[in-house]
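Enquirer: I'll drop the sequence and a predicted model, then ask my questions.
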Amino acid sequence: MHKLRSVLAGGRSRATAERQGSLEAGDSMNTASTGADTQEGETASSSADFAECPFLGHRYYLPVRRLFRTTLGQVYLARNKETGQEVVVKMLERGPAVTKHVESELLIHRKCTGHTNIVQLIEVFLTPRYLAIVLEYAPGGDLLEFVTQKGQLLEEEARWFFQQLTVGLAYLHSIGVDNRELNLSNKLLTGDEARPLLKINDFTYSKSEQINSDPNSALGSLPYTAPEVLSNTMRHGHQADVWSLGVALYKMCVGLYPFERQEDALDARTAVQNVLGRIARVEYGIPTSMSPELQDLLGRMLVKDPSQRISIPGIMAHPWFQSSLPQGLMDLNGRVDPTAARQSEEEIVSVVREAQASLRPIDTDNIEEMADDILAEEEADDLLEELSLTRDYASGSMQLFPRHDRLRMEDALSPKPGGSLAGCPLPYPDRFTEATAFIASHGDSLSEESKLLLYSLHQQATVGPCNEPKPWGWSVVNNAKWQSWKQLGDMPSVEAMRLYVRTLEEEVPAWWAQHTAGGAGAGADDTPAANGVPPPPAAAAADGDAAPSASAPAAAPPPPPPPVPAPKTRSVAEVVVEGSWVSPYISSDKRPPPRYEHATALIGSELYVVGGNYGGRYLNDTWALNLENLTWKAFVPSGAAKPVAEGTPRVPAALPAIAGHVAVPWEGSVVLVGGHMKAKEAQPDMPVRLLDTKAGTWSAVECGVAEEGEELPRPRGGHSGVLVGSKLFIFGGEDMMRRPLGELLVLDLATWQWSRPEASGTRPGPRSAHAAALYRNRYLLVFGGGSVAHCNNELHCLDTQTLEWSQPAWEGPVPPPRAGHAGAILGSTWFIVGGGNNTSGCADMYALDLSPLGSGPVQWTLVGNTPVESAIASEGLSLLPVPMAGCMISFGGYNGRYHNAVHVYRPEGYLATHVGAPQQHAAAGQAAAAPAAKAAPAANPAAAAQAAASSALAAAAAASAEIAKHRAELEAARREAAAAKEAVAHEVAIMRRQLESSQGAAAEAEKALEEARTALEAEQGRAMRLEVEVAEAQQALGRMEELERELQKYRLSAGEKKGSGIWGYISGSG
């Protein structure tokens, strides 16, 4: 029966749970927990999913995990930062995907604000790319799954859900809404308790008096369809919902649909035909095991003639419904208050209309009006950059598009530098054409779900919107294809092409390389003429039928054009500017793709970049930037090293896709430790890998433990690593379940053995995405980091010699809490840049003076701020010091956009105090001495020297006095600040004690109240028992009085008989 039930349920199963997240026709705004999905691993989110969350940093909502993604958007579980309430945030791509069905569904949800049995809409808002819909979270799954797990429900259980469903449906009818999609799969439950509350969801096909269209359209799930919907001979509305409600009640009580038979499991097509016939003829049976009241109710609901069918008020007055009715259930419909919604209908419509306007074609007749609007909003320096012209692939017509989302349109209409991540250099639609050719020859290896998505996107790109009628389930495959295509709505063909290629790249990142490896693809054998450049003569002859004769007169060749001078390459030391971040010119044609959460290591004059995260995918590539000429070199592929001699811990192994790892230089090689990987490539222990920089190959290092009986560290990502001699100190990170870690590990690179040192002092709490650095080759510094819930700005220090943790005292403005930042030490200053927290990204740069470490408080200084769109103001960027150039260099990052830019920075005055200062001072002295000698050749050397000495002594004395004055002022200000700090700390301590006392008193009062309630309940029970005993005693006393009266009567009667005596006996009267 499983095959039939899958057909009858409309194809809604765990495998298709992701597509329930779409808000287009045919799908619902399902807010159920994806517990079923995560059991199969389909929706387990990664740190990449979390970092790519479009509303990361929102004022109110903190993402917890991504539940699933669809063709048109993503669905996240989030938490309200103020209330702690868990919600579902559905991200629907702006543009054609935001159809009228989305607007109508949102307005219906808003009208139901405050109803306990209807999923609540919290609010809607816009991001640059998505329409965000915040809904109530129902973690208990759906009612169909609940019924399926139990097989069938007892009447009491079915009545519990039926009563709630009926009351919610009654309210919908009262506001003029016909549900038209009333089935168990979109009825959600609040939790795992025995009797969870029911929530009505999915108003995609619902019809309202104000919104939506033809009430006679045949919509809904097949087994719940009423006969009048099939015949389409009359207007169907409320009574069709009553029929569906009866089918739902039957399904709960019996475990089967009323028109389902055991023999239908043999053939799906025949099953659908039989079910349709039975619905039209109303052929079903009611089990006699049901109570008479339930049989009567079902018999009055499943009636063919809608006019003879019982109504919703009739159901609510039926004896079976009224039995065991929960207290207050009938009053719910009167408590609904749409005015209590956070947003008005006008605000919701305004947000939805703005989302619908994105990426819509523009009428070229109104181009002047649009140009005025763009200039008035000052959205760009150049009007032409706000418009893009493209050819519709399906119709061949030219269309003009506004570029509201610059990144999205650039990705859709033009290839990125160096092609896409997969390496395809072609523009659209050629890139789409090559992608379809690759799918045609290599598509068998893709999953069935990916094939379905690619099919619908291909149809949308080549044919256009789906206007074909929906198949009535003759083929489950055809029905799924139609549904997937239909939900794309009016999406433009260029957007469908972009999504097609993006989906392919997610499944097969190296598809272009595979496609061109065998000579296929436009880019494999095309001459430069394909890009608008004439082919050389040899290529032209090869493509023609025959080469021109050698004796043919040749035209005089044109004079060669003057050579274009190549730009002069410069080293990183030549491009750096003191006090400013500089992005140097990179002369390489090929550059690494944008990324974040990568690792970098500096060996000599080469900066190595390994792995990272780009577009939600982990990378496995390796690049090297030569700092002497600023050119990139790629190690393609990041393959395995050649076999090594036996007995060594190195094992040849290719680098897997990885992010959140640590890289350090070691004896001319790069050591890679930890990192997040795909689930299928995950390892039980912390992975350690070694890059041979000369050969460009990778090896896996098999590590041991220093002490017998210890276990190898578990894998992690987002940790820090600092090399002290031959020992690599690893701290923090998060495990594969995204739980923060706080342990300290040491890997001895000389022996490749792990150890867990016991450190004393105040240890840092568990955290990841923090910054760590080594100072004076002894002190390990840790700053910031955090978990999914919060970030911090704590500063910790570990003395690697004594293994003691401490929190250094500090002064100055402390950086705000952050995670995902980077840091580098130049001289005695630790620079902190980038990162973000739960509210916003961090576009500032701080410097920490470490010179007083160990003797006094360290000093924080705000160096400056960077533009928020800059790569420096990013999360997951890397930052390394470059001693040979006296600067630091950054790469990558993510701040809503992925970056692959290189930036260098040198503090002001750094060279004067650290690098080559004696030489600079000597040169300055010579330059100053030469003009002085020419100007005064005859001056007395002794007098000049004496005057200079006197002047120097006077200046020194004045400077000393000024310094002493400033020191006194500083010391006074420091003492005042210390006193104020101590006073505030004392006041805070007092308030904390008061708060703890109040909390303790409240807890005691709560406990006493609970005890009083328990005692009251016990006394109430005792009083009830006493009342019963008193009533029984009163009844017994009443019976005693009657017996006493009877006894008295008998006594009187007996006395009269006894009084006649012997005379009575003689006379005959006795």
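Expert: Everything's here; your move. Numbers count the residues shown, from 1 in each chain.
Enquirer: wait, Phe55 sits on Pro63?
Expert: Yes. Using CB atoms under 8 Å, Phe55 is in contact with Pro63, at 6.9 Å. (C-beta placed from N, C-alpha, C; glycine too.)
Enquirer: which of the two has more residues huddled nearby?
Expert: Pro63 (23 against 19; other CB atoms under 10 Å).
Enquirer: shouldn't the more buried one be in contact with Asn80?
Expert: No. Judged on CB under 8 Å, Pro63 makes no contact with Asn80 at a distance of 11.6 Å.
Enquirer: what residues are shared contacts of the two?
Expert: Residues touching both Pro63 and Asn80 (CB atoms under 8 Å, 6 or more residues apart in numbering): there are none.
Enquirer: scan the chain for its longest helix.
Expert: Ordering each helix of the chain by length in residues (DSSP state H) puts helix 941-1058 first.
Enquirer: which stretches of the stretch 301-450 of the chain form strands?
Expert: Here the stretch 301-450 of the chain has its strands, by DSSP state E, counting those that start in this stretch, at 387-391, 398-402.
Enquirer: oh sorry, the question was meant for the stretch 451-600 of the chain
Expert: 599-603.
Enquirer: next: the stretch 1-150 of the chain.
Expert: Assigned by DSSP E, counting those that start in this stretch, the strands in the stretch 1-150 of the chain fall at 61-69, 73-80, 86-93, 121-126, 130-136.
Enquirer: and the last one, how far out from the chain's middle?
Expert: Put simply, strand 130-136 sits 13 Å off its chain's centre (CA atoms, centre = their mean, to the nearest Å).
Enquirer: okay, now the domains of the chain?
Expert: According to automatic domain parsing, the chain comprises the domains 2-188+198-328, 389-513, 592-757, 790-915, 975-1045.
Enquirer: quick one, which of those domains is nearest to Ala955?
Expert: For the domains of the chain, the distance to Ala955 is smallest for domain 790-915, at 19.5 Å, taking CB to CB.
Enquirer: now do that closest one, average pLDDT.
Expert: Domain 790-915 shows a mean pLDDT of 93.
Enquirer: starting at the chain centroid, how far to it?
Expert: Averaging C-alpha positions (CA atoms, centre = their mean) puts domain 790-915 27 Å from its chain's average.
Enquirer: the residue lying closest to Glu606 once chain neighbours are set aside: neighbour count?
Expert: Nearest non-adjacent residue to Glu606, counting by CB to CB, 6 or more residues apart in numbering: Ala624, 4.7 Å away. Ala624 has 23 neighbouring residues, counting by other CB under 10 Å.
Enquirer: assumed Ala624 was part of a helix.
Expert: No. With DSSP: H, G, I helix; E, B strand; the rest coil as the criterion, Ala624 is assigned strand and is not in a helix.
Enquirer: quick one: Val576 from Val902, how far?
Expert: 12 Å (CB to CB, to the nearest Å).
Enquirer: Glu105 now?
Expert: Taking CB to CB, one finds Glu105 at 47 Å from Val902.
Enquirer: with Gln1035 instead?
Expert: For Gln1035, the distance to Val902 - CB to CB - is 98 Å.
Enquirer: and these two? which has more neighbours close in?
Expert: Using other CB under 10 Å, the more surrounded residue of Gln1035 and Val902 is Val902, with 25 against 10.
Enquirer: shared neighbours, Phe55 and Pro63?
Expert: Contacts common to Phe55 and Pro63, judged by CB under 8 Å, 6+ apart, are 76, 78, 89.
Enquirer: quick one: which of those is nearest Arg595?
Expert: Checking those against Arg595 by CB to CB gives Tyr76 as the nearest, at 22.3 Å.
Enquirer: distance of the closest one from Asp799?
Expert: Distance, Tyr76 to Asp799, by CB to CB: 42 Å.
Enquirer: please apply the same query to Glu628.
Expert: Glu628 is 37 Å from Asp799, by CB to CB.
Enquirer: isn't Leu879 right next to Gly820, touching?
Expert: No. The criterion here is CB under 8 Å, and Leu879 misses it with Gly820 at 11.8 Å.
Enquirer: which one of the two has more residues nearby?
Expert: Taking other CB under 10 Å, Leu879 and Gly820 do not tie; Gly820 has more neighbours (29 against 23).
Enquirer: quick check: closest non-adjacent residue to the more buried one.
Expert: Glu875 (3.2 Å).
Enquirer: what about that neighbour, how many neighbours?
Expert: For Glu875, the count of nearby residues is 25 (other CB under 10 Å).
Enquirer: what does Pro425 give?
Expert: 16.
Enquirer: same thing with Asn838?
Expert: 20.
Enquirer: mind checking pLDDT for the closest residue in space to it that isn't next to it in sequence?
Expert: Setting aside the residues directly before and after it, Asn838 is nearest to Leu62 in space (CB to CB, 6+ apart), at 5.7 Å. pLDDT recorded at Leu62 is 89.
Enquirer: how close does Leu62 sit to Gly765?
Expert: Counting by CB to CB - Leu62 and Gly765 are separated by 19 Å.
Enquirer: which one of those two has more residues nearby?
Expert: Ranked by neighbour count (other CB under 10 Å), Leu62 and Gly765 place Leu62 first, with 19 against 13.
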